[in-house]
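A.B. asks: Structure for the following, please:
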Amino acid sequence: MLDLLKNGKKRYRYDKGASDQTAELAGDQIRSFLEQAGFEYVRVHHRPGKPNKTTCVVGSAP
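C.D. replies: Just a heads-up that it's a prediction; the model follows:
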């Protein structure tokens, strides 16, 4: 998540207690949003990382 601070700077917010399962659930949710928006060939990629997996969701517009 990206937060905008009062001084106009951006900061990434991390969920405390997030796990690999959290990353997988977020990827599935984003895939669902993209499919509902009409994107095609939506794919979810997970990459191992520390402390948790990284998730990337890609699709193509019709």
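A.B. asks: And the strands in this structure, which stretches?
C.D. replies: Applying DSSP state E to the chain gives strands spanning 2-4, 10-12, 40-47, 54-60.
A.B. asks: Just say which of those is most tucked in.
C.D. replies: Neighbour counts (mean count of other C-beta atoms under 10 Å) averaged over each of the strands of the chain peak at strand 54-60, with a mean of 14. (Each C-beta comes from the backbone N, C-alpha and C, glycine too.)
A.B. asks: That one: partners in the sheet, and parallel or antiparallel?
C.D. replies: strand 40-47 (antiparallel) (DSSP bridges).
A.B. asks: Need the contact partners of the strand it pairs with.
C.D. replies: 23-24, 27-28, 30-31, 34-35, 53-62 (C-beta atoms under 8 Å, 6 or more residues apart in numbering).
A.B. asks: re earlier: which one of the strands of the chain lies closest to Ala18?
C.D. replies: For the strands of the chain, the distance to Ala18 is smallest for strand 54-60, at 10.9 Å, taking C-beta to C-beta.
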